[in-house]
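Colleague: for reference, the sequence and a predicted model appear below.
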Amino acid sequence: MRSPKDFFRPLAVGAPAPVREVPFRPSRMIHFFDPGNEKMAAKVPDIAPTVDVLLGNLEDAVAADRKEAARSGLVKVAKATDLGDTQLWTRINSLDSPWALDDLLTLVTEIGDKLDVIMVPKVEGAEDIHYVDRLLAQLEAKAGIQRPILVHAILETATGVANVEEIAGASPRMQGISLGPADLAASRRMKTTRVGGGHPGYLVREDPHGADGSAPRATFQQDLWHYTLARMVDACAAHGILPYYGPFGDIKDTTACEDQFRNAFLLGCVGAWSLHPVQIAIAKRVFSPSPADVAWARKVIDAMGDGTGAVMIDGKMQDDATYKQCQVVAQLADALAARDPELRDAYAAAEKE
Ligand SMILES: CCC(=O)SCCNC(=O)CCNC(=O)[C@H](O)C(C)(C)COP(=O)(O)OP(=O)(O)OC[C@H]1O[C@@H](n2cnc3c(N)ncnc32)[C@H](O)[C@@H]1OP(=O)(O)O
Ligand SMILES: O=CC(=O)O
Ligand SMILES: [Mg+2]
(Lines give C-alpha, C1' and ligand atoms only; values in the text may rest on other atoms or scores of the structure.)
(Ligands and ions follow the chains in the order given, each with its own letter.)
Protein backbone atom coordinates (compact mmCIF):
# COMPACT_ATOMS: atom_id res chain seq x y z
CA MET A 1 0.00 0.00 0.00
CA ARG A 2 1.21 3.50 -0.81
CA SER A 3 1.47 5.91 2.07
CA PRO A 4 -1.49 8.32 2.22
CA LYS A 5 1.05 11.14 1.67
CA ASP A 6 2.02 9.67 -1.70
CA PHE A 7 -1.38 8.52 -2.84
CA PHE A 8 -1.93 11.50 -5.13
CA ARG A 9 1.56 11.57 -6.64
CA PRO A 10 1.86 10.59 -10.32
CA LEU A 11 3.31 7.07 -10.68
CA ALA A 12 5.67 8.06 -13.50
CA VAL A 13 7.70 11.16 -14.23
CA GLY A 14 5.72 13.27 -16.69
CA ALA A 15 2.35 11.59 -16.03
CA PRO A 16 -0.60 13.85 -15.18
CA ALA A 17 -1.50 14.36 -11.50
CA PRO A 18 -4.17 11.92 -10.28
CA VAL A 19 -7.68 13.28 -9.71
CA ARG A 20 -8.61 13.99 -6.09
CA GLU A 21 -12.29 13.42 -6.65
CA VAL A 22 -14.01 11.26 -9.25
CA PRO A 23 -15.83 13.68 -11.54
CA PHE A 24 -19.54 12.84 -11.59
CA ARG A 25 -20.49 12.71 -15.24
CA PRO A 26 -23.85 11.19 -16.18
CA SER A 27 -23.31 7.53 -17.07
CA ARG A 28 -26.78 6.02 -16.96
CA MET A 29 -25.92 3.59 -19.73
CA ILE A 30 -22.51 2.27 -20.73
CA HIS A 31 -23.30 1.23 -24.28
CA PHE A 32 -21.22 -1.73 -25.48
CA PHE A 33 -20.27 -2.13 -29.11
CA ASP A 34 -17.76 -4.30 -30.94
CA PRO A 35 -15.47 -1.88 -32.79
CA GLY A 36 -14.32 -4.68 -35.12
CA ASN A 37 -17.89 -5.27 -36.29
CA GLU A 38 -18.24 -2.88 -39.19
CA LYS A 39 -22.02 -2.78 -39.01
CA MET A 40 -21.97 -1.81 -35.34
CA ALA A 41 -19.09 0.64 -35.73
CA ALA A 42 -20.98 2.37 -38.55
CA LYS A 43 -23.82 3.07 -36.11
CA VAL A 44 -21.59 4.94 -33.65
CA PRO A 45 -22.24 8.48 -34.97
CA ASP A 46 -26.01 7.92 -34.61
CA ILE A 47 -25.85 6.12 -31.26
CA ALA A 48 -23.30 8.39 -29.55
CA PRO A 49 -25.64 11.35 -28.98
CA THR A 50 -28.24 9.02 -27.41
CA VAL A 51 -25.97 7.52 -24.75
CA ASP A 52 -23.93 8.84 -21.83
CA VAL A 53 -21.04 6.43 -22.36
CA LEU A 54 -19.94 4.60 -25.47
CA LEU A 55 -17.70 1.62 -24.74
CA GLY A 56 -15.57 -0.14 -27.33
CA ASN A 57 -15.49 -3.71 -26.08
CA LEU A 58 -12.35 -5.75 -26.72
CA GLU A 59 -12.95 -8.60 -24.24
CA ASP A 60 -15.63 -11.32 -24.04
CA ALA A 61 -18.07 -11.35 -26.99
CA VAL A 62 -15.15 -10.57 -29.31
CA ALA A 63 -13.80 -13.79 -30.86
CA ALA A 64 -10.09 -14.56 -30.41
CA ASP A 65 -9.38 -14.09 -34.10
CA ARG A 66 -11.13 -10.68 -34.05
CA LYS A 67 -9.24 -9.17 -31.09
CA GLU A 68 -6.85 -7.16 -33.21
CA ALA A 69 -9.63 -6.00 -35.52
CA ALA A 70 -11.59 -4.79 -32.49
CA ARG A 71 -8.56 -2.91 -31.12
CA SER A 72 -7.73 -1.20 -34.40
CA GLY A 73 -11.43 -0.59 -35.04
CA LEU A 74 -11.66 1.33 -31.78
CA VAL A 75 -8.64 3.46 -32.71
CA LYS A 76 -10.32 4.24 -36.03
CA VAL A 77 -13.70 5.11 -34.48
CA ALA A 78 -12.12 7.31 -31.81
CA LYS A 79 -10.05 9.23 -34.34
CA ALA A 80 -12.86 9.62 -36.87
CA THR A 81 -15.81 10.50 -34.66
CA ASP A 82 -16.62 13.65 -32.72
CA LEU A 83 -18.44 12.24 -29.69
CA GLY A 84 -19.36 15.66 -28.25
CA ASP A 85 -19.81 15.30 -24.51
CA THR A 86 -20.48 11.55 -24.68
CA GLN A 87 -17.75 9.70 -22.82
CA LEU A 88 -15.57 7.13 -24.58
CA TRP A 89 -14.59 4.06 -22.58
CA THR A 90 -13.05 0.76 -23.50
CA ARG A 91 -13.09 -2.69 -21.93
CA ILE A 92 -9.65 -4.24 -22.38
CA ASN A 93 -8.96 -7.96 -22.28
CA SER A 94 -8.26 -9.56 -18.93
CA LEU A 95 -4.80 -9.04 -17.50
CA ASP A 96 -3.85 -12.72 -17.86
CA SER A 97 -4.81 -12.82 -21.55
CA PRO A 98 -2.41 -12.57 -24.52
CA TRP A 99 -4.02 -9.25 -25.56
CA ALA A 100 -4.22 -6.98 -22.50
CA LEU A 101 -0.71 -5.53 -22.77
CA ASP A 102 -1.11 -4.62 -26.44
CA ASP A 103 -4.59 -3.24 -25.73
CA LEU A 104 -3.11 -0.77 -23.25
CA LEU A 105 0.01 0.05 -25.28
CA THR A 106 -1.99 0.73 -28.45
CA LEU A 107 -4.98 2.51 -27.00
CA VAL A 108 -3.14 4.88 -24.67
CA THR A 109 -0.52 5.87 -27.21
CA GLU A 110 -2.99 6.20 -30.13
CA ILE A 111 -6.17 7.56 -28.52
CA GLY A 112 -5.29 8.14 -24.86
CA ASP A 113 -6.40 11.77 -25.11
CA LYS A 114 -9.90 10.63 -26.12
CA LEU A 115 -10.38 7.81 -23.63
CA ASP A 116 -12.12 8.72 -20.39
CA VAL A 117 -12.14 5.37 -18.64
CA ILE A 118 -10.58 1.93 -19.10
CA MET A 119 -12.70 -0.94 -17.82
CA VAL A 120 -10.61 -3.83 -16.47
CA PRO A 121 -12.33 -7.22 -16.34
CA LYS A 122 -11.91 -10.00 -13.78
CA VAL A 123 -10.17 -7.81 -11.20
CA GLU A 124 -9.24 -9.99 -8.22
CA GLY A 125 -7.55 -7.57 -5.87
CA ALA A 126 -5.71 -4.28 -5.43
CA GLU A 127 -2.62 -5.74 -7.13
CA ASP A 128 -4.44 -5.81 -10.49
CA ILE A 129 -5.32 -2.14 -10.17
CA HIS A 130 -1.77 -1.25 -9.05
CA TYR A 131 -0.36 -2.94 -12.16
CA VAL A 132 -2.68 -1.03 -14.51
CA ASP A 133 -2.15 2.19 -12.54
CA ARG A 134 1.63 2.22 -12.99
CA LEU A 135 1.50 1.10 -16.60
CA LEU A 136 -1.04 3.79 -17.46
CA ALA A 137 1.14 6.45 -15.81
CA GLN A 138 4.13 5.34 -17.89
CA LEU A 139 2.10 5.31 -21.08
CA GLU A 140 0.43 8.65 -20.35
CA ALA A 141 3.88 10.20 -19.81
CA LYS A 142 5.16 8.67 -23.05
CA ALA A 143 2.12 9.87 -25.01
CA GLY A 144 2.03 13.32 -23.41
CA ILE A 145 -1.50 12.82 -22.08
CA GLN A 146 -2.59 15.81 -20.00
CA ARG A 147 -5.37 14.30 -17.84
CA PRO A 148 -5.33 10.91 -16.18
CA ILE A 149 -7.33 8.08 -17.73
CA LEU A 150 -9.59 6.61 -15.06
CA VAL A 151 -10.02 2.92 -14.26
CA HIS A 152 -13.22 0.93 -13.79
CA ALA A 153 -13.17 -2.62 -12.39
CA ILE A 154 -15.62 -5.41 -13.15
CA LEU A 155 -16.60 -7.39 -10.05
CA GLU A 156 -16.92 -10.85 -11.54
CA THR A 157 -14.87 -13.33 -9.55
CA ALA A 158 -15.41 -14.71 -6.07
CA THR A 159 -11.96 -13.42 -5.07
CA GLY A 160 -12.82 -10.00 -6.42
CA VAL A 161 -15.96 -9.89 -4.28
CA ALA A 162 -13.93 -10.94 -1.22
CA ASN A 163 -11.56 -8.01 -1.94
CA VAL A 164 -14.05 -5.44 -3.19
CA GLU A 165 -13.21 -2.80 -0.57
CA GLU A 166 -9.48 -2.85 -1.34
CA ILE A 167 -10.21 -2.77 -5.08
CA ALA A 168 -12.41 0.30 -4.66
CA GLY A 169 -9.68 2.14 -2.76
CA ALA A 170 -6.64 0.88 -4.68
CA SER A 171 -5.90 4.04 -6.66
CA PRO A 172 -7.12 7.59 -7.19
CA ARG A 173 -7.76 6.43 -10.76
CA MET A 174 -10.62 4.21 -9.60
CA GLN A 175 -13.78 5.64 -11.20
CA GLY A 176 -16.22 2.86 -10.41
CA ILE A 177 -17.11 -0.80 -10.34
CA SER A 178 -19.67 -2.81 -12.35
CA LEU A 179 -21.25 -6.07 -11.30
CA GLY A 180 -20.41 -8.83 -13.80
CA PRO A 181 -23.07 -11.44 -13.03
CA ALA A 182 -22.18 -13.85 -15.85
CA ASP A 183 -18.53 -14.45 -15.00
CA LEU A 184 -19.30 -14.17 -11.31
CA ALA A 185 -21.86 -16.96 -11.56
CA ALA A 186 -19.25 -19.19 -13.23
CA SER A 187 -16.52 -18.25 -10.75
CA ARG A 188 -18.77 -19.05 -7.79
CA ARG A 189 -20.09 -22.25 -9.36
CA MET A 190 -23.61 -20.88 -9.17
CA LYS A 191 -26.12 -22.96 -11.13
CA THR A 192 -27.61 -20.27 -13.30
CA THR A 193 -26.74 -20.06 -16.99
CA ARG A 194 -28.28 -16.59 -17.41
CA VAL A 195 -26.59 -13.19 -17.79
CA GLY A 196 -27.97 -11.33 -14.77
CA GLY A 197 -31.56 -11.23 -13.62
CA GLY A 198 -33.49 -13.63 -11.43
CA HIS A 199 -34.04 -17.36 -11.54
CA PRO A 200 -37.38 -19.12 -10.96
CA GLY A 201 -35.73 -21.66 -8.65
CA TYR A 202 -34.31 -19.02 -6.28
CA LEU A 203 -37.35 -18.34 -4.14
CA VAL A 204 -38.97 -18.42 -0.75
CA ARG A 205 -42.30 -20.13 -0.15
CA GLU A 206 -45.19 -19.02 1.99
CA ASP A 207 -45.75 -21.05 5.19
CA PRO A 208 -48.32 -23.88 5.09
CA HIS A 209 -51.80 -22.48 5.67
CA GLY A 210 -55.50 -23.33 5.27
CA ALA A 211 -57.57 -25.70 7.41
CA ASP A 212 -55.26 -28.73 7.06
CA GLY A 213 -52.21 -26.82 5.87
CA SER A 214 -52.69 -27.91 2.28
CA ALA A 215 -53.81 -24.59 0.67
CA PRO A 216 -51.73 -23.51 -2.33
CA ARG A 217 -48.64 -21.68 -1.07
CA ALA A 218 -47.39 -18.59 -2.89
CA THR A 219 -43.72 -18.39 -3.85
CA PHE A 220 -41.68 -15.23 -4.18
CA GLN A 221 -38.70 -15.06 -6.49
CA GLN A 222 -35.62 -13.57 -4.83
CA ASP A 223 -32.79 -11.50 -6.27
CA LEU A 224 -29.65 -13.62 -6.80
CA TRP A 225 -27.51 -10.47 -7.01
CA HIS A 226 -28.72 -8.51 -4.01
CA TYR A 227 -25.87 -9.39 -1.66
CA THR A 228 -23.10 -8.67 -4.14
CA LEU A 229 -24.67 -5.51 -5.46
CA ALA A 230 -25.25 -4.12 -1.97
CA ARG A 231 -21.70 -4.96 -0.93
CA MET A 232 -20.33 -3.34 -4.08
CA VAL A 233 -22.42 -0.19 -3.55
CA ASP A 234 -21.08 0.15 0.01
CA ALA A 235 -17.47 -0.33 -1.12
CA CYS A 236 -17.92 2.28 -3.85
CA ALA A 237 -19.67 4.81 -1.61
CA ALA A 238 -17.03 4.38 1.09
CA HIS A 239 -14.30 5.20 -1.45
CA GLY A 240 -16.10 7.97 -3.36
CA ILE A 241 -16.41 6.01 -6.60
CA LEU A 242 -19.45 5.00 -8.68
CA PRO A 243 -21.32 1.66 -8.69
CA TYR A 244 -23.01 0.18 -11.78
CA TYR A 245 -25.16 -2.82 -12.56
CA GLY A 246 -23.57 -4.69 -15.48
CA PRO A 247 -25.16 -6.69 -18.29
CA PHE A 248 -28.67 -8.07 -18.64
CA GLY A 249 -28.47 -10.74 -21.32
CA ASP A 250 -32.12 -11.49 -22.09
CA ILE A 251 -32.39 -8.74 -24.67
CA LYS A 252 -36.00 -9.61 -25.55
CA ASP A 253 -37.19 -9.47 -21.91
CA THR A 254 -37.24 -5.71 -21.62
CA THR A 255 -39.54 -5.85 -18.58
CA ALA A 256 -37.19 -7.96 -16.48
CA CYS A 257 -34.26 -5.84 -17.66
CA GLU A 258 -36.04 -2.73 -16.43
CA ASP A 259 -36.79 -4.38 -13.06
CA GLN A 260 -33.16 -5.44 -12.59
CA PHE A 261 -31.90 -1.98 -13.53
CA ARG A 262 -34.42 -0.34 -11.17
CA ASN A 263 -33.37 -2.49 -8.22
CA ALA A 264 -29.81 -1.39 -8.88
CA PHE A 265 -30.83 2.27 -9.18
CA LEU A 266 -32.77 2.18 -5.90
CA LEU A 267 -29.84 0.50 -4.19
CA GLY A 268 -27.42 3.26 -5.23
CA CYS A 269 -26.09 2.41 -8.70
CA VAL A 270 -25.73 5.26 -11.19
CA GLY A 271 -26.06 3.21 -14.38
CA ALA A 272 -25.95 -0.16 -16.14
CA TRP A 273 -24.60 -1.62 -19.36
CA SER A 274 -26.64 -1.55 -22.55
CA LEU A 275 -25.74 -4.46 -24.81
CA HIS A 276 -28.31 -3.75 -27.50
CA PRO A 277 -29.89 -0.49 -28.71
CA VAL A 278 -33.22 -1.52 -27.10
CA GLN A 279 -31.64 -1.32 -23.62
CA ILE A 280 -30.52 2.31 -24.03
CA ALA A 281 -33.97 3.81 -23.43
CA ILE A 282 -34.55 1.44 -20.51
CA ALA A 283 -31.39 2.59 -18.74
CA LYS A 284 -32.17 6.22 -19.47
CA ARG A 285 -35.65 5.91 -17.99
CA VAL A 286 -34.56 3.96 -14.93
CA PHE A 287 -31.41 5.85 -13.96
CA SER A 288 -33.01 9.31 -14.27
CA PRO A 289 -35.04 10.08 -11.13
CA SER A 290 -38.70 10.66 -11.96
CA PRO A 291 -39.93 14.27 -12.22
CA ALA A 292 -42.31 13.62 -9.30
CA ASP A 293 -39.45 12.37 -7.08
CA VAL A 294 -37.31 15.36 -8.02
CA ALA A 295 -40.15 17.79 -7.28
CA TRP A 296 -40.68 16.13 -3.90
CA ALA A 297 -36.96 16.29 -3.11
CA ARG A 298 -36.84 20.00 -3.89
CA LYS A 299 -39.94 20.63 -1.78
CA VAL A 300 -38.31 18.95 1.22
CA ILE A 301 -35.02 20.83 0.69
CA ASP A 302 -36.86 24.17 0.49
CA ALA A 303 -38.92 23.40 3.58
CA MET A 304 -35.90 22.26 5.61
CA GLY A 305 -33.95 25.53 5.30
CA ASP A 306 -30.48 24.84 6.76
CA GLY A 307 -31.31 21.13 7.02
CA THR A 308 -31.63 20.96 10.81
CA GLY A 309 -34.74 20.38 12.88
CA ALA A 310 -37.85 18.46 11.88
CA VAL A 311 -40.86 19.42 9.78
CA MET A 312 -43.97 17.63 8.57
CA ILE A 313 -44.72 17.63 4.84
CA ASP A 314 -47.88 15.90 3.62
CA GLY A 315 -48.00 13.85 6.82
CA LYS A 316 -44.38 12.68 6.57
CA MET A 317 -41.66 13.61 9.05
CA GLN A 318 -38.57 15.23 7.52
CA ASP A 319 -35.25 15.81 9.25
CA ASP A 320 -31.53 15.98 8.55
CA ALA A 321 -31.43 12.45 7.11
CA THR A 322 -34.33 12.88 4.67
CA TYR A 323 -32.86 16.28 3.71
CA LYS A 324 -29.65 14.46 2.72
CA GLN A 325 -31.60 11.78 0.83
CA CYS A 326 -33.41 14.53 -1.05
CA GLN A 327 -30.11 16.23 -1.87
CA VAL A 328 -28.88 13.00 -3.50
CA VAL A 329 -31.93 13.01 -5.76
CA ALA A 330 -31.81 16.75 -6.50
CA GLN A 331 -28.07 16.77 -7.25
CA LEU A 332 -28.44 13.82 -9.62
CA ALA A 333 -31.34 15.59 -11.31
CA ASP A 334 -29.25 18.76 -11.74
CA ALA A 335 -26.38 16.81 -13.31
CA LEU A 336 -28.71 14.95 -15.67
CA ALA A 337 -30.71 18.06 -16.57
CA ALA A 338 -27.50 19.83 -17.59
CA ARG A 339 -26.92 17.07 -20.16
CA ASP A 340 -30.49 16.28 -21.17
CA PRO A 341 -32.80 19.21 -22.16
CA GLU A 342 -35.90 16.97 -22.27
CA LEU A 343 -35.31 15.91 -18.69
CA ARG A 344 -34.61 19.51 -17.64
CA ASP A 345 -38.01 20.58 -19.01
CA ALA A 346 -39.78 17.61 -17.38
CA TYR A 347 -38.22 18.45 -13.99
CA ALA A 348 -39.11 22.15 -14.34
CA ALA A 349 -42.72 21.30 -15.27
CA ALA A 350 -43.13 18.92 -12.32
CA GLU A 351 -41.88 21.56 -9.89
CA LYS A 352 -44.55 24.02 -11.06
CA GLU A 353 -47.39 21.52 -10.42
C1 LIG B 1 -22.04 -11.69 -20.63
C2 LIG B 1 -21.06 -10.84 -20.03
C3 LIG B 1 -20.55 -9.72 -20.90
O4 LIG B 1 -19.39 -9.58 -21.02
S5 LIG B 1 -21.71 -8.71 -21.62
C6 LIG B 1 -20.72 -7.66 -22.64
C7 LIG B 1 -20.26 -8.29 -23.91
N8 LIG B 1 -21.31 -8.43 -24.88
C9 LIG B 1 -21.55 -7.48 -25.77
O10 LIG B 1 -20.87 -6.48 -25.84
C11 LIG B 1 -22.70 -7.74 -26.71
C12 LIG B 1 -23.04 -6.52 -27.53
N13 LIG B 1 -24.22 -6.76 -28.31
C14 LIG B 1 -24.22 -7.56 -29.39
O15 LIG B 1 -23.21 -8.11 -29.81
C16 LIG B 1 -25.54 -7.70 -30.11
O17 LIG B 1 -26.45 -6.76 -29.66
C18 LIG B 1 -26.18 -9.10 -29.97
C19 LIG B 1 -26.56 -9.37 -28.52
C20 LIG B 1 -25.25 -10.20 -30.48
C21 LIG B 1 -27.48 -9.11 -30.81
O22 LIG B 1 -27.12 -8.67 -32.10
P23 LIG B 1 -28.11 -8.87 -33.32
O24 LIG B 1 -28.55 -10.29 -33.39
O25 LIG B 1 -27.48 -8.26 -34.52
O26 LIG B 1 -29.36 -8.01 -32.84
P27 LIG B 1 -30.46 -7.30 -33.73
O28 LIG B 1 -30.68 -8.04 -35.01
O29 LIG B 1 -31.65 -7.10 -32.87
O30 LIG B 1 -29.80 -5.89 -34.04
C31 LIG B 1 -30.53 -4.85 -34.67
C32 LIG B 1 -29.54 -3.87 -35.24
O33 LIG B 1 -28.84 -3.25 -34.16
C34 LIG B 1 -27.43 -3.46 -34.32
N35 LIG B 1 -26.86 -3.66 -32.98
C36 LIG B 1 -27.05 -4.72 -32.18
N37 LIG B 1 -26.39 -4.54 -31.03
C38 LIG B 1 -25.77 -3.35 -31.12
C39 LIG B 1 -24.94 -2.61 -30.26
N40 LIG B 1 -24.58 -3.11 -29.06
N41 LIG B 1 -24.50 -1.42 -30.66
C42 LIG B 1 -24.82 -0.93 -31.87
N43 LIG B 1 -25.61 -1.58 -32.76
C44 LIG B 1 -26.07 -2.77 -32.38
C45 LIG B 1 -27.28 -4.69 -35.20
O46 LIG B 1 -26.05 -4.63 -35.86
C47 LIG B 1 -28.48 -4.54 -36.13
O48 LIG B 1 -28.14 -3.63 -37.13
P49 LIG B 1 -28.90 -3.63 -38.57
O50 LIG B 1 -30.34 -3.30 -38.31
O51 LIG B 1 -28.71 -5.01 -39.11
O52 LIG B 1 -28.20 -2.57 -39.36
O1 LIG C 1 -18.57 -9.13 -17.93
C2 LIG C 1 -19.63 -9.25 -17.40
C3 LIG C 1 -20.12 -10.46 -16.85
O4 LIG C 1 -21.27 -10.47 -16.39
O5 LIG C 1 -19.35 -11.43 -16.86
MG1 LIG D 1 -17.41 -10.95 -17.73
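Modeller: Thanks, I have it. Ligands and ions are numbered 1, 2, ... in the order given.
Colleague: which SS state does Tyr131 fall under?
Modeller: helix (DSSP: H, G, I helix; E, B strand; the rest coil).
Colleague: now for it, how many residues are close by?
Modeller: 13 (other CB atoms under 10 Å). To be clear about C-beta, it is placed using only N, CA and C from the backbone, and glycine gets the same treatment.
Colleague: how close does the residue lying closest to it once chain neighbours are set aside sit to Glu166?
Modeller: Distance criterion CB to CB, 6 or more residues apart in numbering; nearest residue to Tyr131, sequence neighbours excluded, is Leu95 at 6.7 Å. Distance, Leu95 to Glu166, using CB to CB, to the nearest Å: 16 Å.
Colleague: near ligand 2, which residues of the protein? Just list them.
Modeller: Residues of the chain lying close to ligand 2 (CB under 6 Å from any ligand atom) are Asp60, Pro121, Ile154, Glu156, Gly180, Pro181, Ala182, Asp183, Val195, Gly246, Pro247.
Colleague: angles on the backbone of the closest residue in space to His31 that isn't next to it in sequence, please.
Modeller: Nearest non-adjacent residue to His31, counting by CB to CB, 6+ apart: Val51, 4.2 Å away. The phi and psi values for Val51, taken as degrees, to the nearest 10, are phi -120, psi 160.
Colleague: just Val117 next, same as before
Modeller: phi -140, psi 140.
Colleague: burial measure for it, as a count.
Modeller: Neighbours around Val117, by other CB under 10 Å: 23.
Colleague: ok, now Gly213?
Modeller: 9.
Colleague: in a strand, the residue nearest to Tyr131, correct?
Modeller: No: assessed with three-state DSSP, Leu95 is coil; it does not lie in a strand.
Colleague: for His31, which three-state class applies?
Modeller: strand.
Colleague: ugh, wrong one, Gly56
Modeller: Put simply, Gly56 is strand when judged by three-state DSSP.
Colleague: what's the spacing between it and ligand 2?
Modeller: Distance, Gly56 to ligand 2, using CB to the nearest ligand atom, to the nearest Å: 15 Å.
Colleague: leaving out chain neighbours, which residue sits closest to that residue?
Modeller: Distance criterion CB to CB, 6+ apart; nearest residue to Gly56, sequence neighbours excluded, is Leu74 at 3.7 Å.
Colleague: got a pLDDT number for that neighbour?
Modeller: pLDDT for Leu74: 98.
Colleague: buried ones in the helix or strand harbouring it, by neighbour count?
Modeller: Taking DSSP states H and E as the definition, Leu74 sits inside helix 67-80. By 16 or more other CB atoms under 10 Å, the buried positions in helix 67-80 come out as Lys67, Glu68, Ala69, Ala70, Arg71, Gly73, Leu74, Val75, Val77, Ala78.
Colleague: same deal with stretch 28-39?
Modeller: By 16+ other CB under 10 Å, the buried positions in stretch 28-39 come out as Arg28, Met29, Ile30, His31, Phe32, Phe33, Asp34, Pro35, Gly36, Asn37.
Colleague: now stretch 56-69
Modeller: Those buried within stretch 56-69 under the rule 16+ other CB under 10 Å are Gly56, Asn57, Leu58, Glu59, Asp60, Val62, Arg66, Lys67, Glu68, Ala69.
Colleague: how about residues contacting that stretch?
Modeller: Outside stretch 56-69, the residues that touch it by CB atoms under 8 Å, 6 or more residues apart in numbering are 32-36, 70-71, 73-74, 77-78, 88-94, 97, 99, 103, 121, 183.
Colleague: run the last query once more with 7 Å
Modeller: The contact list for stretch 56-69 (CB atoms under 7 Å, 6 or more residues apart in numbering) reads 32-36, 70-71, 74, 77, 90-94, 99, 103, 121.
Colleague: could you work out the end-to-end span of it for me?
Modeller: Terminal residues of stretch 56-69 lie 12 Å apart, using CA to CA, to the nearest Å.
Colleague: so what's the gap between it and the chain middle?
Modeller: 21 Å (CA atoms, centre = their mean, to the nearest Å).
Colleague: go on, stretch 332-348?
Modeller: Distance, centroid of stretch 332-348 to centroid of chain: 20 Å (CA atoms, centre = their mean).
Colleague: tell me which parts of this protein are close to ligand 3?
Modeller: When proximity is defined as CB under 5 Å from the ion, the chain approaches ligand 3 at Glu156, Gly180, Asp183.
Colleague: can we see that at 6 Å?
Modeller: With CB under 6 Å from the ion as the criterion, the chain meets ligand 3 at residues Asp60, Pro121, Ile154, Glu156, Gly180, Ala182, Asp183.
Colleague: all good on my end, thank you.
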